[in-house]
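Colleague: here is a sequence together with a model predicted from it:
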Amino acid sequence: MAIGPVPQRSLAPGQPAYSGSAAMAHVSGARPGRNWGRAFQAWVQSRGFYPPQAAAAGEDGPVVLRVTVARDGRIEAVQITGRSGSRWLDAAALSLFRDQVGPAFTAEMEGDSTTLTFTVNYRIVYR
């Protein structure tokens, strides 16, 4: 899954275009249904961006987060469990979740919350 839009300016040959992907895994609490998992990943993808400071510095890499989501979709907690090596990428990944409301649980999901490990893979693709 790509994270974030490609920059608006046109790129000269050899200049980076920006792409990313994300993966999630259930840790505890309500087990995500297939539909909710897809909706949650689509929600994250729609909010994704590549920080211009990291792009300018040629920084890429994965950020691993532990995210707790309430039944109504509120993000109750988010913390970095694996840093990318870039403060810009780490901050961008946190901002995808901090103080946000994602998709509410689907009917088949039992429990009040779910905790996920979410990996945002920021990578620069040279065109």
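Modeller: Looks like it came in fine. Numbers count the residues shown, from 1 in each chain.
Colleague: which element follows whichever helix in the chain runs longest toward the C-terminus?
Modeller: As assigned by DSSP state H, the longest helix anywhere in the chain is helix 34-47. Downstream of helix 34-47, the first helix or strand assigned by DSSP states H and E is helix 52-56.
Colleague: output that following helix as PDB, nothing but the C-alphas.
Modeller: This file holds the C-alpha atoms of helix 52-56, laid out as PDB (Å, rounded to 0.1, in the frame of the first residue of the first chain):
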ATOM      1  CA  PRO A  52       9.700  17.000   2.700                       C
ATOM      2  CA  GLN A  53      12.600  17.400   5.100                       C
ATOM      3  CA  ALA A  54      13.200  13.600   5.000                       C
ATOM      4  CA  ALA A  55      12.800  13.500   1.200                       C
ATOM      5  CA  ALA A  56      15.300  16.300   0.800                       C
END
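Colleague: helix 34-47 and the helix or strand that that helix is followed by, what's the angle between them?
Modeller: Proceeding C-terminally, helix 52-56 gives way to strand 61-70 as the next helix or strand, assigned by DSSP H and E. With axes from the mean of the first three to the mean of the last three CA atoms, to 10 degrees applied, the angle from strand 61-70 to helix 34-47 works out at 130 degrees.
Colleague: no more questions from me, cheers.
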